[in-house]
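Asker: can't give you the sequence, but here's the structure:
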């Protein structure tokens, strides 16, 4: 059994897309894989299949039913805000200890590979005392850091890497998920980051793909690292 925490430098970077793409890749290989999206904001119950949790369930070959959503995404808030802010508008505050207990239990009972998708970026507040980084540090799982290739992404990525290292969180790989409409070259972004992120942390460039189901050598290489 192994578990990976999928996090990002910020929101709308592509955590769900990369997680879903990896699920499809592992399923093509016949590997048992499961996923969690324990905390979700901006959740629209009228469009279950299009939510982050619904997309992960679809990649797993499961329907986005209320029962399935409860299994992988128990903390859901409708407001598209950080969980601490969203919970003030929709539901009780997130119980950090309950979140840790839930995630640890799922890790302990995972059959093979478990992908745990965080919410927003690594410093997003979960409640008034804890961030996603605190969640990751409590679990002590290796991280898969998703970043973009937009202007400014290099600084954001290096800042995230420094924060993860400060909390002794291992980085399994950094994924540069090509940003839509970016004028910054994907290859140059990876080349520059490689000068500042020392080995053995691999950097994998994922170009814009038609869908998460698309097989691609970058995803194959990434799967080998996990």
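Answerer: Okay, I see it. Note that the structure is a prediction, hence the values are computed from the model and not measured.

Asker: Which strands and helices lie in contact with the worst-scoring helix or strand of the chain on mean pLDDT?
Answerer: Within the chain, no helix or strand scores below helix 66-72, which has a mean of 91 by mean pLDDT, DSSP states H and E. On a contact count with 3 or more C-beta pairs under 8 Å, 6 or more residues apart in numbering; DSSP states H and E, helix 66-72 meets helix 52-59. From N, CA and C alone the C-beta is placed, and that goes for glycine too.

Asker: hmm, back to that, which outside residues touch the least confident helix or strand of the chain?
Answerer: With contact meaning C-beta atoms under 8 Å, 6 or more residues apart in numbering, helix 66-72 is reached by 35, 36, 37, 38, 48, 51, 53, 54, 56, 57, 62, 76.

Asker: can you rerun that using 7 Å?
Answerer: Residues outside helix 66-72 that contact it (C-beta atoms under 7 Å, 6 or more residues apart in numbering): 35, 36, 37, 48, 53, 56, 57, 62.

Asker: so which one among these has the lowest pLDDT?
Answerer: Among the contacts of helix 66-72, residue 48 has the lowest pLDDT, at 84.

Asker: per-residue confidence at the closest residue to that residue other than its chain neighbours?
Answerer: Leaving aside its chain neighbours, residue 48 sits nearest to residue 64 (4.1 Å; criterion: C-beta to C-beta, 6 or more residues apart in numbering). The model reports residue 64 with a pLDDT of 85.

Asker: so how many other residues sit close to residue 64?
Answerer: Neighbours of residue 64 under the rule other C-beta atoms under 10 Å: 19.

Asker: Same question for residue 152.
Answerer: Residue 152 has 11 nearby residues by other C-beta under 10 Å.

Asker: Quick check, pLDDT for it.
Answerer: Residue 152 is assigned 96 on the pLDDT scale.

Asker: again, but for residue 9
Answerer: Residue 9 is assigned a predicted lDDT (pLDDT) of 97.

Asker: Residue 12 too?
Answerer: Per-residue pLDDT puts residue 12 at 91.

Asker: just to revisit the earlier point, which one of the contacts of helix 66-72 sits closest to residue 153?
Answerer: Ranked by distance to residue 153 (C-beta to C-beta), the contacts of helix 66-72 are led by residue 37 at 23.2 Å.

Asker: what's that closest one in contact with, if anything?
Answerer: Counting by C-beta under 7 Å, 6+ apart, residue 37 makes contact with 52, 53, 56, 72, 73, 117.

Asker: Would you format the residues you listed as TSV with distance to residue 166 and neighbour count included?
Answerer: Listed next are the contacts of residue 37 as TSV, based on distance: C-beta to C-beta, whole Å; neighbours: other C-beta atoms under 10 Å:
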residue	distance to residue 166	neighbour count
52	27	22
53	30	27
56	29	26
72	30	23
73	29	24
117	22	28
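
Asker: Residue 165: which of the residues you listed is nearest?
Answerer: Nearest to residue 165 out of the contacts of residue 37 is residue 117 (C-beta to C-beta; 21.2 Å).
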